[in-house]
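Q: Quick one, what's the 3D model for this:
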Amino acid sequence: MSHPVPWAQVQRRFTLMAQGLAGRTLDLGPLPAEMAQFTTAHENLAAWRVLVLRRLGRIEAAALLPGADGRAWPRLLSGLFGWLETLRIDAALIRRYPGAAADLARVRAATLVRLGAGAAPAGPVLAALLRLRRHALGAPLA
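A: Okay, the predicted model is just below:
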């Protein structure tokens, strides 16, 4: 049985956390209505923490490199940029907030399972990129 955690229940906590870490008032942007990725409320709460820390990393990067968010690029390049940016933010998250490392590992493992459940990508380039993405999440390089 899943124990989802609604954003409304944790919004104040995580908004204050993000603003405290950023040292300023900020807008986290749109977030999902609830987190139901895991079976326990504790794990879903931890997933919220990872999501908010990742969002904070993206906000900080956008402030340093305006216009470098990849939105105006072709779809494949934009997706690749987003994936690499997530890896960069995850590495920074582990360095800056070691207490979140176990939560991040759990979210990354769940992402790896989700990627394995999808349909095989069309074409060798997309297939190679998916193999690299899975490897970056901890799967052996096939």
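
Q: Could you check how many residues crowd around M35?
A: Residues lying near M35 (other CB atoms under 10 Å) number 24. Yep, even glycine has a C-beta here, placed from its N, CA and C like the rest.

Q: Beta-bridge partners for it, please?
A: Legend: beta-bridge partners of M35 under DSSP bridges are V5.

Q: what sits against it?
A: M35 sits next to P4, V5, W7, N44, L45, A47, W48, L51 when contact means CB atoms under 8 Å, 6 or more residues apart in numbering.

Q: Among the residues you listed, which lie within helices?
A: W7, N44, L45, A47, W48, L51 (DSSP state H).

Q: Redo these as CSV? Include neighbour count.
A: Listed next are the ones in helices among the contacts of M35 as CSV, based on neighbours: other CB atoms under 10 Å:
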residue, neighbour count
W7, 16
N44, 20
L45, 18
A47, 20
W48, 25
L51, 19
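
Q: Which of those sits closest to L126?
A: L51 (25.6 Å; CB to CB).

Q: and that closest one, what does it touch?
A: L31, P32, M35, V107.

Q: The helix or strand of the chain with the lowest mean pLDDT: how far from the chain's middle?
A: The helix or strand of the chain with the poorest confidence is helix 124-136; it has a mean of 81 (mean pLDDT, DSSP states H and E). Averaging C-alpha positions (CA atoms, centre = their mean, to the nearest Å) puts helix 124-136 18 Å from its chain's average.

Q: Kindly report the same for stretch 105-114.
A: 10 Å.
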